[in-house]
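# test case, fold it:
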Amino acid sequence: MMVLKTYVLKNNHSNITHKMNIVIIEDEAYAARRLQNMILELDPADKVTIGLESVTDSVKWFRNNPAPDLIFMDLHLEDDLSFAIFDHVTIACPIVITTASDDLSTKAFTLKQIDYLLKPIIQADIVSILEKYKKLPVSARSSINASIFADIINKNN
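Residues are numbered from 1 along each chain as shown. The predicted model follows:
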């Protein structure tokens with residue numbers, strides 16, 4: 001069952017220059033809340049949506065909502081690998097893969113210039129990712145083609 005929660009905290013003393021709309025796709029509720037809390041601790045003006053736990057939930061959400069500025073996406077979801085989302089919807093924003101495994105797939109992410117974070121995620125990792133993407137101009141975004149993940153998917157099968 002999909003229960004979405006969106007959090008926006010206001011901080012009048014902040015020097016925030018770019019509020020981000022961030023989506024977390026994670027099938028472990030604790031991990032999603034922990035990541036959300038780390039993001040909001042760094043920048044309370046960001047909007048963070050959690051509660052997408054499966055490919056099915058995520059596809060429905062992306063079909064009915066504007067594209068976010070950034071997606072944190074667990075590699076393994078309830079119903080499939082998260083890459084399956086891209087078979088159903090076009091997404092034109094950066095993604096950061098989150099995973100507990102340090103295997104050949106993560107090396108493939110590096111080769112394809114896809115950012116990933118190893119779990120447990122630490123605050124320093126979030127800082128560098130958010131700094132990178134807050135500086136990224138909208139014009140630098142491109143649609144994600146599911147075919148770039150084909151070799152990674154085949155290694156996991």
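# what's the separation between Leu52 and Ser142?
22 Å (CB to CB, to the nearest Å). In this view, the C-beta of every residue, glycine as well, is placed from N, C-alpha and C.
# list the contacts of the closest residue to Ile91 other than its chain neighbours.
Leaving aside its chain neighbours, Ile91 sits nearest to Ile144 (5.1 Å; criterion: CB to CB, 6 or more residues apart in numbering). Residues near Ile144 by CB atoms under 8 Å, 6 or more residues apart in numbering: Phe86, Thr90, Ile91, Ala92, Ile95.
# and the two most separated of these?
Largest separation among those by CB to CB: Thr90 and Ile95, giving 12.7 Å.
# comparing those two, which residue is more hemmed in?
Taking Thr90 and Ile95 together and counting by other CB atoms under 10 Å, Ile95 has the greater number of neighbours (21 against 11).
# looking at this structure, which helix or strand does the model trust least?
strand 5-8 (a mean of 48; mean pLDDT, DSSP states H and E).
# what's the mean pLDDT across the longest helix belonging to the chain?
Using DSSP state H to define each element, the chain has its longest helix at helix 29-42. Model confidence over helix 29-42 averages 96 on the pLDDT scale.
# and it, what other elements does it pack with?
Contacting helix 29-42 under the criterion 3 or more CB pairs under 8 Å, 6 or more residues apart in numbering; DSSP states H and E are the following elements: strand 21-25, strand 47-52, helix 123-134.
# partner residues bridging the residue nearest the centre of the chain?
By CA atoms, centre = their mean, the chain has its centre lying nearest to Phe72, at 1.4 Å. Per DSSP bridges, residues listed as beta-bridge partners of Phe72: Ile24, Val96.
# check contacts around it.
Neighbour list for Phe72: Ile22, Val23, Ile24, Ile25, Glu26, Leu35, Ile95, Val96, Thr98, Leu117 [criterion: CB under 8 Å, 6+ apart].
# distance of it from Val23?
In this view, Phe72 and Val23 are 7 Å apart by CB to CB.
# low-confidence ranges in this structure?
For the chain, the stretches flagged by pLDDT under 70 are 1-18, 104-105, 108, 111, 146, 150-157.
# contact partners of stretch 117-133?
In this structure, residues lying in contact with stretch 117-133 by CB under 8 Å, 6+ apart are 20, 31, 34-35, 38-39, 41-43, 69-70, 72, 94, 96-100, 102, 106, 115.
# can you do 7 Å?
Among residues not part of stretch 117-133, those counted as contacts by CB atoms under 7 Å, 6 or more residues apart in numbering are 31, 35, 38-39, 42-43, 69-70, 94, 96, 98-100, 102, 115.
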